[in-house]
Every structure is written in structure tokens, then in C-alpha cells.
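Asks: how does the following fold in three dimensions:
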Amino acid sequence: MKPKTRLIHGGIFGDEATGAVSTPIYQVSTYKQEAVGKFKGYEYSRTGNPTRHALEELIADVEHGHAGFAFGSGMAAITSVMMMFSAGDHIIMTDDVYGGSYRVVNKVLNRFGLEFTLVDTGNLDEVKAAVKDNTKAIFIETPTNPLLKVTDIEAVSAFAKTKDLLTIVDNTFMTPYLQNPIPLGADIVLHSATKYIGGHSDVVAGLVVVNSAELAEELHFIQNSVGAILGPQDSWLLMRGLKTLGIRMEETMANAQQIAEFLDAHDAVGTVIYPGLPAHAGHDLMSKQARGFGGMISFDVGSKDKAGELLAKLKYFTLAESLGAVESLISVPAQMTHASIPVERRGELGIVEGLVRISVGIEDVEDLIEDLENALK
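Replies: Next up, the predicted model:
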């Protein structure tokens, strides 16, 4: 199946019991048992729910993995994956990582004895140098948030296998429509499904796909034990979102490319970061490992004050946390999504006060460019 067809016909299509084309919402907590321990596939909805199961089968299919798991948020998904490790284990992590990911590993998971080293995973030598005797995994975010740095998934995964390490990839920015890390060698793929997969700013969710029965058994045990599951209503919304993901991403990328080129040529804008620009350091690698360049753009307007002036003048870009929706969103990472990262660390990474991040939506691109042009005057 081609990607757009797989998004619609992958996993479990419809409902065999009734013929419904759309998977029903099974709003149920428990299930009748014919005898003790004898039930029709489901016993309690924390353990399994038919609607959630349909979503989990679909995401596993579109990510070319063995099994999928749905959680109550992207952070619940990341935390649950990290619970597969034990006190004293060490994980190498992308340095320019989402602020929430940085916070949970440095403020929460470290309390339980997990160790983390943040490096530029786009530099394989740095990854190799960070390996310790207790290292168990390499956690990649590519492209990164918000600096859009690119990591070679295949190269890191190949190295990880030589050291018997797991490779975990946060695929939120690229979506399963544009990038599939498991065929490139990754063991675990995760998404903040709140973003592009949901796509309509109406659901908070996280998804994980694993590449083996062993990992599936372990993660299901954690999912059932911890209970950070996704409910049936939100599971249904994500399945609906996945059906239109392909056409939304195509429109988003077309808009993003034109906007990035406009910003790159504008006198009031400094550095423009978009992998679709040939000057981007990861342009060639993205062309190799993905089917497009995504819809995220970061650019520097020079200062916090200028960023504030820009935000005040925009009409069609909504100032909001999050990304990946049909409407275009804009944020200032240093003050919003990455405010939890210490200012010194942000400075080291290059997340400056004037850095603006936009999530390009599917509006008419002429309106979006005109909006930016007026605000930049």
C-alpha cells in the first residue's frame, strides 16, 4: 500500500460486527465474562479497549512496526517508554530536545536513578563518546524542536546495535506519513499525537510503536500497570485525524516551503531554519531519510522586543503552544515551549530571545505570506 492508502485502510478497517465503516467508540470500562477468566478479548479498559486497540493497530501499521500503544499525552508516552529502564541505567539524548522532554528527564526521571547525557546526535562521534558501561539507549529527536537539527537515524541505529543499545526516535515533527524510523533501524518510535496526527487542536495524546514482540510485551505491561492510557473518544479522534494526515501534510509542506523562501529573502529576518532550504545543514540527509521537509520553520528577528512586535501585528498566525494543526500557530520558544530549559542552556543551544517558531497550517499561502509581510514592516 502507498502511504495515503495505508492511513485509511491500514490496521483494523471499520467494524466487522455491524459493518460500520468508522470504528465505533466503545465507551465502556469493563466487559462481561462468560466464566472466570473467560472473556471475548477484553476484560477491563485500562488493559484494552476496542477503539484504542484499533488506533494502536493503525499506528503500528503506518509506522511499519510490530505493535502500537496509545497514551494520554506525548509526555505520558515518553515517560512510559523511560519506565522500561531501571535505576542506574544511562540514556543518551538529543541536546536540542523539546522543553517538556528536557524537564521530565532532568526534574522527574532523574529522581528514580535514571541518568541522561545530552549530546548533538547529529554528530555520531559525540554519540559514540557519550556511551558508558551502563548506557541502554539512544533517544533521538529529528528534526529537533525548535532548531530543526537533523540526525541520521540509520547511522545512529546501526551504531546502537553494535553496542546492544535501543534506538528511540521522537517522530512528532515528521509524522509517519513523511518519515518511518523503524525501517531505518530504530527500535521504538513515539509521537506527540496532539500535533499533526490529531491535526485539529482538539485532542491531547501520545503514541508509541515498537519493532518486536519482546518490547511490545514489556511496554504493554507498563501501560497496563501505570495506566496512562488514551480514552476511546480521543482514540477515535486520532483515527479520524490519521485518515487526512497525508493530504494535510502535503498542503502544509507546500505552504512551508514558500514561506521559508519568503522569510529567507526578507531584510528584517536573520537566520531562517527550514530543512527544505538547500542551505540547511540537514537538507540532503532529510531528502534521503524522509519523504518531505515538514511544516515547522524557525527564524530570528533579532530580539525579544522585535518578536513581541511581530506577534502583536499578525492576523492569521495564532499565538499558542503546540503545533501541527490545520491553523498556523506561532510561538517564541525561549518564553514558551522551552522556558523550562535554563537560560544558560538555551544560550548554549542557540535558542535566543528573538527566535520565532511557526507551525504552518493549511490556509491559503498568499494570506499567510501577506500576514507576515505586514507584520515585518
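
Asks: how close does the nearest residue to residue 237 once chain neighbours are set aside sit to residue 83?
Replies: Spatially, and ignoring its direct neighbours in sequence, residue 237 is nearest to residue 203 (4.5 Å; C-beta to C-beta, 6 or more residues apart in numbering). All C-beta spots, glycine's among them, are computed from the backbone N, C-alpha and C. Distance, residue 203 to residue 83, using C-beta to C-beta, to the nearest Å: 23 Å.

Asks: then residue 145?
Replies: For residue 145 relative to residue 83 (C-beta to C-beta), the value is 23 Å.

Asks: same for the helix or strand harbouring residue 61, what does it pack against?
Replies: Here residue 61 is covered by helix 50-62, with elements defined by DSSP states H and E. Contacts defined by 3 or more C-beta pairs under 8 Å, 6 or more residues apart in numbering; DSSP states H and E place helix 50-62 against helix 3-9, strand 67-71, helix 175-178, strand 206-210, helix 232-243.

Asks: please redo it, this time with the cut-off set to 6 Å
Replies: Counting by 3 or more C-beta pairs under 6 Å, 6 or more residues apart in numbering; DSSP states H and E, the packing neighbours recorded for helix 50-62 are strand 67-71, strand 206-210, helix 232-243.

Asks: please save the CA atoms from it in PDB.
Replies: C-alpha atoms of helix 50-62 as PDB (Å, rounded to 0.1, in the frame of the first residue of the first chain):
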ATOM      1  CA  PRO A  50     -11.600  -2.000  21.200                       C
ATOM      2  CA  THR A  51     -11.400   1.700  20.000                       C
ATOM      3  CA  ARG A  52      -8.000   2.200  21.400                       C
ATOM      4  CA  HIS A  53      -6.900  -1.200  20.000                       C
ATOM      5  CA  ALA A  54      -8.000  -0.100  16.500                       C
ATOM      6  CA  LEU A  55      -5.900   3.000  16.800                       C
ATOM      7  CA  GLU A  56      -2.900   1.100  18.100                       C
ATOM      8  CA  GLU A  57      -3.100  -1.400  15.300                       C
ATOM      9  CA  LEU A  58      -3.300   1.500  12.800                       C
ATOM     10  CA  ILE A  59      -0.300   3.400  14.100                       C
ATOM     11  CA  ALA A  60       1.700   0.200  14.200                       C
ATOM     12  CA  ASP A  61       0.800  -0.400  10.600                       C
ATOM     13  CA  VAL A  62       1.600   3.100   9.300                       C
END
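
Asks: who's the spatially closest residue to residue 106 that is not a sequence neighbour bridged to?
Replies: Using C-beta to C-beta, 6+ apart and skipping the chain neighbours, the partner closest in space to residue 106 is residue 116 (7.1 Å). Judged by DSSP bridges, the bridge partners of residue 116 are residue 91.

Asks: could you check the pLDDT of residue 339?
Replies: Model confidence at residue 339, expressed as pLDDT, equals 79.
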